[in-house]
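K.L.:
I would like to see how this sequence folds:
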Amino acid sequence: MDFLKRDKNIWLGAAELFDLPPDLVAGLPHMEMLGDRYFYMERHKGILSYSGEEIDINGEAGIVRIFGKDLELTSMTGDQLRIQGSISRLEWVK
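P.N.:
Just a heads-up that it's a prediction; the model follows:
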């Protein structure tokens, strides 16, 4: 698995050299939040668990866990998703 880490480092170095967004070049997930109500993620690998209080999203390097109340998956495509609700906490689980 060291070769995967090395390849990712090469891509990140190239991104820096050519002033490109490193998340895009390395295929890393891109996440945004708008206040405590909306969460947006690109390049996810699927939903692992879903409830109104907790949603687990599979990411490239770990699981993104969202906690809150009245959480709702409002849209999802093969590589993007949107969640809304009262978000109280996010965790990155490796």
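K.L.:
could you use CA atoms for every contact and neighbour count after this?
P.N.:
Fine.
K.L.:
from residue 13, how far off is residue 65?
P.N.:
For residue 65, the distance to residue 13 equals 29 Å [C-alpha to C-alpha, to the nearest Å].
K.L.:
err, residue 73, not the other one
P.N.:
35 Å.
K.L.:
and for residue 86?
P.N.:
38 Å.
K.L.:
equivalent analysis for residue 64, please.
P.N.:
From residue 64 to residue 13 the distance is 25 Å (C-alpha to C-alpha).
K.L.:
the more surrounded of these two?
P.N.:
Neighbours per residue (other C-alpha atoms under 10 Å) separate residue 64 from residue 13, with residue 64 holding more: 21 against 16.
K.L.:
so the more buried one makes contact with residue 49?
P.N.:
No. If you go by C-alpha atoms under 8 Å, residue 64 and residue 49 don't touch, sitting 10.8 Å apart.
K.L.:
anything in contact with each of these two?
P.N.:
Taking C-alpha atoms under 8 Å, 6 or more residues apart in numbering as the criterion, residue 64 and residue 49 both touch 56, 57.
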